[in-house]
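> predicted coordinates and the sequence they were generated for:
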Amino acid sequence: MALTEIKVPDIGDFSEVGVIEVLVKVGDTIKVEQSLLTVESDKASMEIPSSHAGVVKEIKVALGDKVKEGSVIVVLETAEAAPAPAAAAAAPVAAAPAPVAAAPVAAAPVAAAPAASSTVDLKIPDIGDFKDVAVIEMLVKVGDTVTLEQSLFTVESDKASMEIPSPSAGTITALSIKLGDTVNIGDVVGQITVQGAAPAAAPVQAAAPAAAVVAAPVAAPVAAAPVAAAPVAAAAHNPTVAPSGKLPHASPSVRKFARELGVPLAEVKGSGQKGRITTDDIQAFTKSVMAGAVQTLAQQAAAPKSSGGNVGGLEVLAWPKVDFAKFGDVERKDLSRIKKISGANLHRNWVMIPHVTNNDLADITELEAFRVSTNAESAKAKSDVKVTMLAFVIKALVAALKKFPEFNTSLDGDTLVYKKYFNIGFAADTPNGLVVPVLKDADKKGIMQISQEMGELAKKARDGKLGAADMQGGCMSISSLGGIGGTNFTPIVNAPEVAILGLSKGQMTPVWDGKQFVPRLMLPLSLSYDHRVIDGALAARFNAYLGAVLADYRRILL
C-alpha cells in the first residue's frame, strides 16, 4: 500500500477558487473519477475528481478554504502497484500511467504540467431583466472554430432579439440547446475548447474539464435549463421560489440529486450560505411535497380550474368558446411570441394600474417652423442629422419631469422611489412589433444629439439589434402616433413607470386669439398616469405646463 496525494488539476484561468462542498470523509473508499469536493469561482462551480482509487486517509481542505492548481486536497491509501487506469483512459496519452505508478508523489508533476487545452463553459451572459428568452437562431454547430466575441446564437425576448457572443476563441465541443429552447442568465448551454501554448496534455489535466460539467457535457446543461428557467416568473406568488431574476444557487452534485428526484430546483429555498441549496434542502422539499404541505408549480398548473379565473385579485368569467366556422370561412394564425409576451405584460399593467388619461392640446406652430428651418440649414451644411418634433417633445418632457418630480418615480411596495436621472423611452414601430428603446440622460443632451441618438436607436430597432441595455432604465415613455393619425388615445402605462405620454397627429385648427380665429398647428397630448401616485389636478398641471413649453420653447430655460 502507498499514500498518494490528490491535487487540484488544471481548472482553467482561475488563480484561486473557494471550496463550497466536501463530498468525501476520512475512511471512505473511492473510485477513480469520483468527485472529492466542489469548488466555485466567480463564474462557475465545478467538482474535482480523484485521479486514483483508494481509501481516504486525510482531507487537507475544509469548507471556505481557497485552493488552486497543485493544491493537495486529499491523501489516499492506494494499491502500491496499481496504475491509474481511468486517468489513463481519460486522456489520449497512453504512456502516462507508468510514471504515475512509479512513486507515491508521481501524481504531482502530472497535475502541474501545462495544459495544451482547456474547456470553458458557454454561459448566457447578463442580458438584462429578461427571463425565459427563446433561442430563435443557431449560428454555429459542434466542431466549428470560433473567434472571441463571435456570435453563437440569437435569442429573443418580448422586446428585442440579441446575439450571444463567444467568451473565448476555440472549438465548440458541445451545445445543449436547440431552436425553440428558452434560456436565462447563467445557464450553461455548451462548452468550448480553448487551445493553450503547451504541446502535450496530462491525464489529470484532461479529466478536470470533464468534471467541470459533471462528466456529462451535453446532458447536464439540458436537464438544468428548464429547472432554472420556468418557475422563476412565479416567485412573487410562491414563497418557496428563488428570488426573481436569480438562478438557483447550488453545486453540480446537488443539481444532479435534484434531477434524479425530479425536484424543480428553482422552487427550493436554500438554507446554506448566500442562499445556497443543499442536499438537505432537496430532501426537505421532497418530504413537504409528499406530505401535501407544498405544491410545485407543475402541480398547480395541473390542478382543475374554476369556470372563471382570478386576475390581479379580480374574479372574471371564463373566456367564451365560440365555433366561428359555423358562421362562415375562417383562417387561424398563431400569435407571434412577441405578441404573446407583450400582451401578458399589457394585460397585467392594465389590470393592476388604475389608469386615468388627461387630454390636452399644445400649440406647436412656431416650434414646427423652427424645426423646418433647422433642417433646411442642416441640409445646406450637408448634415445627416434630421430633427424631428419628437426630439423637441423629449427635451420639453424632461423640463416637465423636473418641475413635477412625482412623474419621475416608481412604486416599490408602499415606498415611492424618486429618480434623479432622466431617461426617456420612445415607442418604435418595427416589422417585428413595437419596441421601446430608451434615450439615456436626455437632460444632458441638446436637440441635435437627441435627434442623432434617436435615429441610431430606431435603426437598431428596425434591424433587430437592440440590446437589453438599450431598453432599460426608462423614467417615462412616449407613444407617438403622429405619423399615422388620430386625435386622442389612452396609452397603457409601462410598469414600473407611473406615466406615459401619447402624441397624436398635429392638426391645423382655427384658434380664437381674442380678436379673431387664426390657423394654429395643434398637437394632441394624451397623458395616462397611475392614479395611486398622481391625482387628476397634478396631471392637468403637468400637461398644461408641457403644452406651454412646446408653445414657447424659451420657457425651457426658466
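That came in fine, so what should we check first?

> now stretch 153-172: mean pLDDT?
Regarding stretch 153-172, the rounded mean pLDDT is 80.

> what is the end-to-end distance of that stretch?
Using CA to CA, to the nearest Å, one end of stretch 153-172 lies 12 Å from the other.

> contacting residues for Gly482?
Gly482 is in contact with 389-390, 503-506, 523, counting by CB atoms under 8 Å, 6 or more residues apart in numbering. Bear in mind the C-beta positions are built from the backbone N, C-alpha and C, glycine included.

> what helix or strand is it located in?
Assigned by DSSP states H and E, Gly482 falls within no helix or strand.

> ok, now how distant is it from Thr147?
Plainly put, Gly482 is 44 Å away from Thr147 if you go by CB to CB, to the nearest Å.

> go on, Leu179?
From Leu179 to Thr147 the distance is 23 Å (CB to CB).

> all helices of this protein, in order?
Ranges of helices in the chain, per DSSP state H, are 85-89, 97-102, 107-112, 203-212, 219-229, 252-261, 279-291, 297-302, 337-352, 365-380, 389-403, 447-462, 536-551.

> any idea how many residues pack against Ser336?
13 (other CB atoms under 10 Å).

> skipping adjacent residues, who's closest to it in space?
Gly433 (6.8 Å; CB to CB, 6 or more residues apart in numbering).

> now do that neighbour against Ala427, distance only.
Computed as CB to CB, the Gly433 to Ala427 distance reads 11 Å.

> show me which of the two is the more surrounded one.
Here Gly433 and Ala427 are compared on neighbour count by other CB under 10 Å; more neighbours surround Ala427, at 19 against 16.

> need the contact list for the more buried one.
For Ala427, the contact set (CB under 8 Å, 6+ apart) comprises 434-436, 477-480.

> which of the residues you listed has the most neighbours?
Highest neighbour count within the contacts of Ala427: Val435, with 27 neighbours (other CB under 10 Å).

> which residues are in contact with Val194?
Taking CB under 8 Å, 6+ apart, we find Val194 in contact with 117-120, 168-170.

> put the buried members of these into a ChimeraX selection.
Selection of buried members from the contacts of Val194 for ChimeraX, criterion 16 or more other CB atoms under 10 Å:
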select :117,118,119,120,168,170
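
> alpha carbons of stretch 3-10, as PDB, please.
What follows is stretch 3-10, C-alpha atoms only, in PDB (Å, rounded to 0.1, in the frame of the first residue of the first chain):
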ATOM      1  CA  LEU A   3       0.000   7.100   0.300                       C
ATOM      2  CA  THR A   4      -0.900   9.200  -2.700                       C
ATOM      3  CA  GLU A   5      -1.600  12.900  -2.600                       C
ATOM      4  CA  ILE A   6      -4.500  14.100  -4.800                       C
ATOM      5  CA  LYS A   7      -4.000  17.600  -6.100                       C
ATOM      6  CA  VAL A   8      -6.200  20.200  -7.800                       C
ATOM      7  CA  PRO A   9      -5.800  19.700 -11.600                       C
ATOM      8  CA  ASP A  10      -5.800  22.400 -14.200                       C
END
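
> what mean pLDDT does it get?
89.

> and if you look at stretch 190-205?
59.

> next one: stretch 497-509
For stretch 497-509, mean pLDDT rounds to 96.

> over to stretch 271-279?
Throughout stretch 271-279, pLDDT has a mean value of 79.

> flag every buried residue along it.
By neighbour count with 16+ other CB under 10 Å, stretch 271-279 contains the buried residues 272, 276-278.

> neighbouring contacts of that stretch?
20, 242-243, 248-251, 253-254, 257-258, 265, 268-270, 280-281.

> ends of it, how far apart?
Termini of stretch 271-279 sit 10 Å apart (CA to CA).
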